[in-house]
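Engineer: structure for this input, please:
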Amino acid sequence: MGERTFTEKQLQEFKIAFGMYDEDGDGKIDSDATARAIRACGVPLASSAAEDIVADLDIYSDSECNWDSFLELLKQHWQEMPTKTQLLEAFKKIDADGSGALSRDELKRYLSNIGDKLTEDEVSSFEIEIFSNQTMNTVSCFNDTT
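Structural biologist: Got it, this is the predicted structure:
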């Protein structure tokens, strides 16, 4: 497998995200901001990976990350976006009752027990953002996707 390359448009967007966290304009961001900037670039960085990045930067790079190092971290952690079919299959696995909609309980069970497990407070915060007196269903999630 060859080295991951990004398009010019992606690089411009990543540079903007990096710049948002480079508060003093010195071309470096601190270790804590690095994980947030990576997430701002669309990388679904797990908490454990973010902690590893912060720890490595704290040990090996004086708690800072320059643009070149940031770009290397993006290449290491980049994941292609799933297709609509893959998203629908994942949705069906979470939809335990097969209703075509995710209840709060189904989403909570998934977020609390699978993969990078969220705490009760994180799940509650997530629920507030997602649910506004409605369920999350396949129509509302995938209606505008291609």
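Engineer: Asn66: neighbour count?
Structural biologist: 14 (other C-beta atoms under 10 Å). Where you see a C-beta, it was placed from the backbone N, CA and C, and this is true even at glycine.
Engineer: let me fix that, I meant to ask about Ser31.
Structural biologist: Neighbourhood size, Ser31 [other C-beta under 10 Å]: 19.
Engineer: cool, Ser112 as well?
Structural biologist: Count around Ser112 with other C-beta under 10 Å applied: 13.
Engineer: could you do Gly27 as well?
Structural biologist: With other C-beta under 10 Å as criterion, Gly27 counts 14.
Engineer: correct me, but it touches Cys65?
Structural biologist: No: with contacts counted by C-beta atoms under 8 Å, Gly27 stays clear of Cys65, the gap being 10.0 Å.
Engineer: hey, where'd the strands end up in the chain?
Structural biologist: For the chain, the strands identified by DSSP state E occupy 28-30, 64-66, 101-102, 136-137, in order along the chain.
Engineer: which stretches of this structure form helices?
Structural biologist: According to DSSP state H, the chain carries its helices in the segments 8-21, 31-40, 47-60, 67-77, 84-94, 104-113, 120-130, 138-142.
Engineer: other SSEs contacting the fourth one?
Structural biologist: Same thing as helix 67-77. Identification of packing neighbours for helix 67-77 by 3 or more C-beta pairs under 8 Å, 6 or more residues apart in numbering; DSSP states H and E yields helix 8-21, helix 31-40.
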